[in-house]
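1. please work out how this folds:
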Amino acid sequence: MQTVDAAGLPIGDDHPPRIMGVLNVSKESPYDPSVFDDPDEAAAYVDEALVGEGADIVDVGLESANKKFDVLSAEQELDRLETAVETIERVEGDAVFSIETRYAEVADEALSRGFDMVNDICGFADPEMPAVCEAHDVAVAKMASPPDLERPGAVEDVDDIYDALELNGFTDKTIVDPAFGGWSEAKTLEDDRETFDRLREFRGHGYPILVSINRKNFLREVAGRSTEEALPVSLAATSMAVERGAHVIRTHDVAETRDAALIGYEFRRDRHDDGRVEELDVTTVREAERHVARLDGDLDGAGDAAARAYEVHGLGDDERAALAAEGVTVTGGDPAFVAAPVSVLRAAARSLESRDGVLAELAAAWATRT
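-> Below you'll find the model as predicted:
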């Protein structure tokens, strides 16, 4: 996993999770507490509610990305940039300042006037964006999106998110964002749940991961909470996201999110990485396949990267022998401990599918759940 330097702030596996607080200078933004059009008031909010509460990064939005609003042109965003620039000039606290935009022209101007990184919500749909970020030598968060400047995050199938993140390549300082939220009419809450469930897959790109899950609908629905009541579910998901490999958490609730992220970081899986040998975070074959593809390997080998273990009741001597003949580990009494790499279990499923009893049950489980 590559470590990204964002204006001196290291982001990656070997560093604590980074908290990205949100400031909006767009009157359309749906979250009123973070919306300002006066630089002095905005700077005070940043110092007190963002940096003062533990934000490492302050992400400044010039317009609402809500799909119900018309998309601003680059010229319209530039008209609002002055307020953003004056704000960061007045902030007394220390933070990395990120400009949220889809336009390379706006990013270039913002970086020239004091901003430290870019949050590109259209994922390099503007093909000049990578060159601008490289010219300024800055970090850039790249959200999964179609190649369309008017449709940020509107990837309509979870299986397409991984490929969407590859649009126009990566810079050496890219941070990937799988685009949680209702960015298109076709995207459902179930899509967000699946994206969250598969979060480790995006580690396969080899770049740090940013997630924006604060008070999202797919979390609120689980507990039946309104936006105002949704902080607890957001914090629970934050800890899980960090444990699953997220490095930057974008939020409006900085202090609480920071604490939740640190809990996830403290109890994450301990992976070996000495610079030469890095243990990959793999729990499923699909996750392994992402890494294998990145390293130009044979996808057939991915099945050996994930294993499954079972407690099985009612195994007789003949069944134990049949499993052992397939390379499956069987030990213990009744119940028995049964385990093997997924590749072995899949092969065993094919060999044992015609058997009956407990072997048939195992074959069915291995054929569908590995």
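
2. Thr83 sits in which helix or strand?
-> Per DSSP states H and E, Thr83 falls inside helix 74-90.

3. buried ones in the helix or strand that that helix is followed by?
-> Scanning forward in sequence from helix 74-90 by DSSP H and E, the next helix or strand is strand 96-101. If you call a residue buried by 16 or more other CB atoms under 10 Å, then strand 96-101 has these buried ones: 96-101. Bear in mind the C-beta positions are built from the backbone N, C-alpha and C, glycine included.

4. neighbouring strands for strand 96-101, and are they parallel or not?
-> strand 57-61 (parallel), strand 117-120 (parallel) (DSSP bridges).

5. so which of the buried residues of strand 96-101 comes closest to Ala186?
-> Glu100 (23.4 Å; CB to CB).

6. contacting residues around the closest one?
-> Shown in contact with Glu100 (CB atoms under 8 Å, 6 or more residues apart in numbering): 59-62, 65, 118-119, 121.

7. and the strands paired with strand 96-101: which comes nearest Ala237?
-> strand 57-61 (18.8 Å).

8. which outside residues touch the closest one?
-> Contacts of strand 57-61 (CB under 8 Å, 6+ apart): 6, 9, 18-26, 29, 46, 50-51, 84, 87-88, 91, 95-100, 115, 117, 119, 248, 250.

9. with just CA atoms, put that strand into PDB.
-> In PDB, the C-alpha atoms belonging to strand 57-61 read as follows (Å, rounded to 0.1, in the frame of the first residue of the first chain):
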ATOM      1  CA  ILE A  57      -7.800  18.000   6.500                       C
ATOM      2  CA  VAL A  58     -10.400  20.700   5.700                       C
ATOM      3  CA  ASP A  59     -12.300  20.000   2.500                       C
ATOM      4  CA  VAL A  60     -13.800  23.200   1.100                       C
ATOM      5  CA  GLY A  61     -16.800  22.800  -1.300                       C
END
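
10. tilt between it and helix 74-90?
-> If you take axes from the mean of the first three to the mean of the last three CA atoms, to 10 degrees, strand 57-61 sits at 140 degrees to helix 74-90.

11. strands along the stretch 101-250 of the chain, start to end?
-> Secondary structure of the stretch 101-250 of the chain (DSSP state E, counting those that start in this stretch): strands at 117-120, 139-143, 174-177, 210-211, 248-251.

12. please name whichever of these is nearest to Gln2.
-> strand 174-177 (8.6 Å).

13. export the closest one as CSV, just CAs?
-> The C-alpha trace of strand 174-177 is given here as CSV (Å, rounded to 0.1, in the frame of the first residue of the first chain):
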residue,chain,number,x,y,z
THR,A,174,-3.9,9.6,-5.5
ILE,A,175,-6.4,8.6,-2.8
VAL,A,176,-9.4,6.6,-4.0
ASP,A,177,-13.0,7.2,-3.0
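
14. average pLDDT for that strand, rounded please.
-> Average pLDDT, strand 174-177: 98.

15. can you check stretch 217-231 too?
-> Here stretch 217-231 scores 94 as its mean pLDDT.

16. where do the helices sit along the stretch 101-250 of the chain?
-> Secondary structure of the stretch 101-250 of the chain, counting by DSSP state H, counting those that start in this stretch: helices at 104-112, 129-136, 158-164, 189-197, 217-223, 231-243.

17. can you check the stretch 251-370 of the chain too?
-> Under DSSP H, counting those that start in this stretch, the stretch 251-370 of the chain gives helices at 254-266, 285-294, 317-325, 342-352, 357-368.

18. which outside residues touch the shortest one?
-> The set of residues external to helix 317-325 that reach it, using CB under 8 Å, 6+ apart, is 315, 330, 336, 338, 348, 352, 355, 357-359, 362.

19. same list (those) but as CSV, adding distance to Leu199 and pLDDT.
-> Formatted as CSV, the contacts of helix 317-325 follow (distance: CB to CB, whole Å; pLDDT from 0 to 100):
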residue, distance to Leu199, pLDDT
Leu315, 35, 95
Val330, 33, 97
Ala336, 33, 97
Val338, 28, 97
Ala348, 29, 96
Leu352, 33, 93
Arg355, 37, 92
Gly357, 38, 93
Val358, 34, 95
Leu359, 35, 96
Leu362, 29, 95
